[in-house]
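[1] here's my sequence, what's the structure:
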Amino acid sequence: EIGHLTLLKNVDLSSNLLTGSIPNAIFNLYLIEDLNLAHNSLIGEIPKEIGDLTKLSNLQIESNFFNGTIPSEIFLLRGLDRLLRLGGNLLTGNIPSDIGNLTLLRDIDFSANLFTGSIPSEIGSLPQLKKLRLESNNFRGTVPYEIFMLNSLEYQLSLGGNLLTGSIPSNIGNLTLLEELRLGANSFTGRIPSEIGYLTQLTSIYLYNTSVADTIPSEIGLLTNLAHLDLHDNLLTGKIPTEIEYLQRRPRFINFRQNQLTGSIPSYLELISCNPGNPNSLYTIYWNASLESRACE
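    Down below sits the predicted model:
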């Protein structure tokens with residue numbers, strides 16, 4: 001029985017066909033540092049006894065069928081310094097402010113659950129955090145100012161598919177290491193802040209199906225690493241900024257559909273969309289019907 005292997009430090013049972021609940025014997029492994037039960041069909045609530053595993057640095061139980069709330073004992077595991085992945089389950093309730101205790105964490109994934117309430121500002125006190133995924137839940141309210149002060153964020157900030165409101169603050173410009181920004185399918189208002197131009201490591205922006213308005217900031221042209229730019233289904237107006245031409249070496253997906261843009265399509269982008277056989281044939285470009293376009297020759 002696994003509970004007798006008390007010297008175990010790593011347990012990886014991911015991507016099997018495991019069913020039932022987490023066996024109590026797991027919680028006898030007091031030296032365990034890495035517990036990975038992801039991508040199975042485990043059910044039930046996450047046992048509070050998980051708090052007995054005080055050596056844990058990595059906890060991955062995503063993509064199962066766990067329900068109920070996150071036990072408060074998880075937020076006492078101050079040794080968690082790598083991954084806390086609970087995404088793709090049926091978890092409910094709020095994310096407590098105690099998440100601020102886990103100051104060593106580098107990766108949080110609470111995506112695709114049934115969480116409600118607001119995003120706790122205490123996440124902004126996790127100075128080592130490099131990746132934050134909270135998408136596809138039912139979070140409400142504004143995004144805490146503190147989230148955009150996390151200049152450690154590097155790989156991904158994903159808050160899409162929630163019920164978030166308010167404007168995107170100018171201090172988003174602090175996220176200068178960030179590679180992927182996903183804020184789509186919320187109810188943001190206001191304009192896209194020009195400070196987004198400071199995020200020069202960005203390869204992807206997904207800011208679709210919100211209510212951001214005004215013009216596309218010309219500073220997007222500073223994001224020369226950008227490969228995906230999705231701004232469809234918003235209230236954007238005015239012309240596509242000429243500075244977007246600076247992106248021509250990298251973009252592979254651009255979507256401006258369902259906005260109120262006017263003027264003409266920049267010639268170099270139109271050329272790409274007219275020539276599917278050219279070396280840039282991987283491009284996918286969607287335009288607004290109101291934009292003027294020359295017929296492809």
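[2] any idea how far the closest residue to Thr189 other than its chain neighbours is from Ala185?
    Once flanking residues are discounted, Thr189 sits nearest to Ser211: 5.2 Å by Cβ to Cβ, 6 or more residues apart in numbering. The C-beta positions use only the backbone N, C-alpha and C, and glycine is treated the same way. Distance, Ser211 to Ala185, by Cβ to Cβ, to the nearest Å: 11 Å.
[3] those two - which one has more neighbours?
    Ala185 (19 against 13; other Cβ atoms under 10 Å).
[4] would the more buried one count as being in a strand?
    No: going by DSSP: H, G, I helix; E, B strand; the rest coil, the assignment for Ala185 is coil, not a strand.
[5] which ones are touching it?
    Gly160, Gly161, Asn162, Tyr208, Asn209, Thr210 (Cβ atoms under 8 Å, 6 or more residues apart in numbering).
[6] which of the residues you listed lies closest to Pro169?
    Using Cβ to Cβ, Thr210 is the member of the contacts of Ala185 that sits closest to Pro169, with 14.3 Å.
[7] using JSON lines, lay out the contacts of Ala185 together with neighbour count and distance to Pro47.
    Conversion of the contacts of Ala185 to JSON lines gives the following (neighbours: other Cβ atoms under 10 Å; distance: Cβ to Cβ, whole Å):
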{"residue": "Gly160", "neighbour count": "23", "distance to Pro47": "31"}
{"residue": "Gly161", "neighbour count": "20", "distance to Pro47": "29"}
{"residue": "Asn162", "neighbour count": "22", "distance to Pro47": "28"}
{"residue": "Tyr208", "neighbour count": "22", "distance to Pro47": "39"}
{"residue": "Asn209", "neighbour count": "17", "distance to Pro47": "38"}
{"residue": "Thr210", "neighbour count": "23", "distance to Pro47": "38"}
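[8] sitting in strands, which of those do you find?
    Nothing among the contacts of Ala185 maps onto strands, per DSSP state E.
[9] so what's Pro127 up against?
    Thr103, Leu150, Ser152.
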